[in-house]
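In: 3D model of this:
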Amino acid sequence: MVRDKPALLKWPTRREMPDQSLFPLRYTTKVMEDAEMLDDVKAYDVVKARLENGEDELIPLEVDVGSGDDDKVLIRDLRKHFFVPPSPEGCFADLDAAAASLRPEYRPVVEAFRHSLMSTVSTVSMPFSLASASVEQSHFQRLHTAERIRADDLSTEDQEEAARAKANSRMLDFVQSQDGRQALIRDTCLFLLSSLGLGLERAAQELLEQGLALLWSALEVLCRDTFETTLNAVPAKAKALVDDPTTRNRFEAGRLPLDTLLEYGFDLSGKLGTVLVTQQDFSDLRTIKAVYSVLYPRCADLRQALSHRELWILFQRRHLVVHRRCVIDRPYLEATGETLDVGTHLIVTPNDFERALDVVISSGAVLARSISTGDQS
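Out: Residues are numbered from 1 along each chain as shown. Presented below is the predicted three-dimensional model:
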């Protein structure tokens, strides 16, 4: 017969724990579950008694939404630490409009770029999304509890469904009301701000740091895949890269290795971009600017977009995140002109991330429009 192992790894002596006893693990677990159930039963009895005594109708959390100024302070404090996602429709409107006019071979490239950005936004806004969902679920649970109590008899599945349907209807009314929206905002802010002291502050900062790296990676992949697609479709553009002094040494289009030619059966039709894209690292902003200035020389908007200071800052910060764990060094200060102390940790704020997101989306949209304009010229 195998006996249950005790809940602790070490048996304490009576001197060490004079007022405590030790239970086997399965009994300890059962006692904890029964205690939680007892708390739920007590809460149920209290709520039911209030309703039977004719008190006010039960509403979720019965919160005092406070004054507008108080809420503004909470929102301001929240946005110092956590990224609140924007509406996708407004955020990507310019990019979507530019992508609609692209030739079919370019659309998967831009769609992949958009998907990467959406994934990055979802990742960085995870604390807010989880907190918001938790607060909404808490409100709904209280409404659902009230409807189940009112039903009094939940012996049939139809009655249980009716109670849930009423709770859903009341929740919808609550969310659509001014007080309801204000309560949800306030509770979400309080939920997240109270979590800062529990270790979430550093986790939120890590998400913002990694978010910058992910934003740059999305733009890098867009530029690399667009380059490959362009030269596969229009191989003649390779001549401009070879002739221009700023890109001549970056590619070996005029002297491809024999192994490469053998790999493709001496037939590079529709594959030149695939061959050349492996010869250059598109993680460097200077390379991207040089290449696209040659490929689309008439697109002044593209050159301006790739020269945006926010894009340069993102490029430099991405290097710090990936290679320096956000520890500021002298080259970073010289490249950005920022006045920070060498050796200190770079603090990435939600506003920093949002500005980087905006400039990456804007650059992608300008690139998409430049492709359409270049194809038509």
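
In: Look up how far residue 129 lies from the residue lying closest to residue 350 once chain neighbours are set aside.
Out: The shortest distance from residue 350 to any non-neighbouring residue, by C-beta to C-beta, 6 or more residues apart in numbering, is to residue 83 (4.2 Å). Using the backbone N, CA and C atoms, a C-beta is placed for each residue, glycine as well. As judged by C-beta to C-beta, to the nearest Å, residue 83 and residue 129 stand 10 Å apart.

In: More neighbours: which of these two?
Out: residue 83 (26 against 15; other C-beta atoms under 10 Å).

In: for the more buried one, helix, strand, or coil?
Out: coil (DSSP: H, G, I helix; E, B strand; the rest coil).

In: how about it, what does it touch?
Out: 124-125, 128, 207-208, 211, 350, 353-354 (C-beta atoms under 8 Å, 6 or more residues apart in numbering).

In: quick one: residue 191 and residue 136 touch, right?
Out: No - Residue 191 is beyond contact range of residue 136, at 10.9 Å (criterion: C-beta atoms under 8 Å).

In: burial of residue 79, as a residue count?
Out: Residues lying near residue 79 (other C-beta under 10 Å) number 16.

In: Look up the closest residue to it, ignoring the ones flanking it.
Out: Of all residues not flanking residue 79 in the chain, residue 350 sits nearest, at 5.6 Å (C-beta to C-beta, 6+ apart).

In: The longest helix anywhere in the chain: what's the following helix or strand?
Out: In the chain, assigned by DSSP state H, the helix with the most residues is helix 200-233. As assigned by DSSP states H and E, the chain's next helix or strand after helix 200-233 is helix 237-243.

In: Name all residues that make contact with the residue nearest to residue 79.
Out: 79-84, 208.

In: rewinding a little: give the intersection of the neighbour lists for residue 191 and residue 136.
Out: Common neighbours of residue 191 and residue 136 are not found (criterion: C-beta under 8 Å, 6+ apart).

In: and the contacts of residue 350, which are buried?
Out: 79, 81-84, 208 (16 or more other C-beta atoms under 10 Å).

In: Same list (those) but as a markdown table, adding distance to residue 279 and pLDDT.
Out: Shown next, in a markdown table, are those (distance: C-beta to C-beta, whole Å; pLDDT from 0 to 100):
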| residue | distance to residue 279 | pLDDT |
| --- | --- | --- |
| 79 | 43 | 94 |
| 81 | 43 | 95 |
| 82 | 42 | 96 |
| 83 | 37 | 96 |
| 84 | 42 | 95 |
| 208 | 34 | 97 |
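
In: pLDDT score for residue 88?
Out: As predicted, residue 88 sits at a pLDDT of 87.

In: contacting residues around it?
Out: Residues in contact with residue 88 (C-beta under 8 Å, 6+ apart) are residue 118.

In: same deal with residue 118?
Out: Here residue 118 is in contact with residue 88 (C-beta under 8 Å, 6+ apart).

In: With residue 313 instead?
Out: 336, 356.

In: what about whatever helix or strand it lives in, average pLDDT?
Out: Using DSSP H and E, residue 313 sits in helix 309-324. Helix 309-324 carries an average pLDDT of 96.

In: For the closest residue to residue 302 other than its chain neighbours, give its distance to residue 326.
Out: Leaving out its chain neighbours, the residue that sits closest to residue 302 by C-beta to C-beta, 6+ apart is residue 370, at 4.3 Å. As judged by C-beta to C-beta, residue 370 and residue 326 stand 33 Å apart.

In: ok, these two, which is more surrounded?
Out: residue 370 (22 against 19).

In: Can you pull the phi/psi pair for residue 345?
Out: phi -90, psi 130 (degrees, to the nearest 10).

In: If you drop the residues flanking it in sequence, what lies closest to it?
Out: In this structure, residue 345 finds its nearest non-sequential neighbour in residue 326, 5.4 Å apart by C-beta to C-beta, 6+ apart.

In: so the one you found makes contact with residue 209?
Out: Yes - at 5.6 Å, residue 326 and residue 209 qualify as touching, with contact defined as C-beta under 8 Å.

In: shared neighbours of those two, which are they?
Out: In contact with both residue 326 and residue 209: 346, 348, using C-beta under 8 Å, 6+ apart.

In: and the nearest residue to residue 218 once chain neighbours are set aside, what does it touch?
Out: In this structure, residue 218 finds its nearest non-sequential neighbour in residue 116, 3.9 Å apart by C-beta to C-beta, 6+ apart. Contacts for residue 116 (C-beta under 8 Å, 6+ apart) come out as 214, 217-218, 221.
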